[in-house]
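**Student:** what shape does this take:
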Amino acid sequence: MSRILIAGSESLIMPECRLLLDAKGFTLKHCSNLHDALALVLEDPPDLLITEKGFSGKNGDVELIRAVKACLQKANIPIFLVVDEDQLQVELDWDNYPVDDIITRPFTPEVLLTRIRLAESRMIRAFDNNPLSRLPGNTSIIRAIQRVLGEPDGYAVCYVDIDNFKPYNDRYGFSRGDEVILMVARVMVNVVDELARKGSFVGHIGGDDFVFIVREEMVEPVCKKILANFDLVRNMFLSAEDIAVGEFVGRDRQDRETRFGLLSLSIAAVTTGGGKFTHYGEVSSVASQLKHCVKKLDGSNYLIDRRDT
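**Tutor:** Model prediction:
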């Protein structure tokens, strides 16, 4: 978030604020009328909008905020609304002002910078989280892996995959598939929280792929309990007919009728102790090899790679 549109009077942002934001690497663009502000939003949308209540006359503030909210080139641009104390005496219709934050005048440069930093942080969290499970997504996963690679203690980075998930989705429907994904997310979070909370992490890569990270000495009990808990609740998501025969019929990727085993989990765990990895990509590469092996096994399984290199 480096480009900020300031839509308002010359006094909206004090010179001290401009100096601080400039020094922190932000690029400020000032528009004093609605026409120029709308043109900029349409042609070159900013990363953040700061505007003031009453900008550009009657409903100019509302019109600009709506234009930013409707911007297709850059979704979810944070909007700050600057107000005077007396303007808060009258309750605002927040449906009419769908802003992300308000700032009351006067404010210091440090307060403005802090609010901008908070907005940046919220954006990162909101857009990284998986929309279904609400678990941290790929950016957070990469950071978490890179973090433990720099730790003196050993950790295990564990990749989790739901076996036969695609044919399950085809047979039971996407809604039922989403319920299975949520169930697996809950099982992992609960077990990691119960057995290995300190320094741990749980993330959702996407689809039926997850990652959890625990200290190396806890990887076996955590893997065992995740698989056990999954097996306890798995049948709630299967029909009595499929449970009775221990399989279900679906179509493979070549559209051939095939018998698939019931849902199970595969966990590929890569240990990081000894400084054998320096980049998350190396961990991911080893995990892919390991996952290829563990998914060949019947039922729910885990494999731990403890090789030195």
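**Student:** can we go C-alpha only for contacts and neighbour counts from here?
**Tutor:** Fine.
**Student:** which stretches of this protein form helices?
**Tutor:** Counting by DSSP state H, the chain has helices at residues 15-23, 34-43, 60-69, 109-128, 138-149, 165-172, 174-195, 219-234, 240-245, 280-294.
**Student:** who are the packing partners of the fifth one?
**Tutor:** This means helix 138-149. In terms of contacts (3 or more CA pairs under 8 Å, 6 or more residues apart in numbering; DSSP states H and E), helix 138-149 is packed against helix 109-128, strand 201-206, helix 280-294.
**Student:** quick check: which of those is nearest to Leu149?
**Tutor:** Within the helices and strands packed on helix 138-149, the stretch nearest Leu149 is helix 280-294; the backing value is 7.8 Å (CA to CA).
**Student:** got the angle for that closest one vs helix 138-149?
**Tutor:** Helix 280-294 runs at 100 degrees relative to helix 138-149, counting by axes from the mean of the first three to the mean of the last three CA atoms, to 10 degrees.
**Student:** now do the contacts for Leu49.
**Tutor:** Taking CA atoms under 8 Å, 6 or more residues apart in numbering, we find Leu49 in contact with Ile4, Leu5, Ile6, Ala7, Ile77, Pro78, Ile79, Phe80.
**Student:** just give me the neighbour total for Asp208.
**Tutor:** Other residues lying near Asp208 total 21 when counted by other CA atoms under 10 Å.
**Student:** residues contacting it?
**Tutor:** Each residue near Asp208 by CA under 8 Å, 6+ apart is listed here: Asp161, Ile162, Phe165, Ile181.
**Student:** let's see that with 10 Å instead.
**Tutor:** By CA atoms under 10 Å, 6 or more residues apart in numbering, the contact set of Asp208 is 160-166, 177-178, 180-182, 184-185, 265.
**Student:** who wins for most neighbours among those?
**Tutor:** Neighbour max across those (other CA under 10 Å) = Val184, 26 neighbours.
**Student:** just checking, that residue touches Gly207?
**Tutor:** No - using CA atoms under 10 Å, Val184 makes no contact with Gly207, being 11.4 Å away.
**Student:** overlap in contacts of those two?
**Tutor:** Ser133, Asp161, Ile162, Asp178.
**Student:** in a markdown table: those residues, plus distance to Leu195 and pLDDT.
**Tutor:** Output for those, formatted as a markdown table (distance: CA to CA, whole Å; pLDDT from 0 to 100):
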| residue | distance to Leu195 | pLDDT |
| --- | --- | --- |
| Ser133 | 21 | 89 |
| Asp161 | 21 | 96 |
| Ile162 | 22 | 97 |
| Asp178 | 26 | 96 |
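**Student:** identify, from these, the entry nearest to Arg253.
**Tutor:** Of the shared contacts of Val184 and Gly207, the one sitting nearest to Arg253 (CA to CA) turns out to be Ile162, at 16.4 Å.
**Student:** let me see the contact set for the closest one.
**Tutor:** Contacts of Ile162 (CA under 10 Å, 6+ apart): 180-181, 184, 207-210, 263-267, 295, 300.
**Student:** just name the closest of these to Phe127, please.
**Tutor:** Gly207 (16.1 Å).
**Student:** excluding sequence neighbours, find me the nearest residue to that closest one.
**Tutor:** In space, and not counting its chain neighbours, Gly207 is closest to Ile181: 7.7 Å by CA to CA, 6 or more residues apart in numbering.
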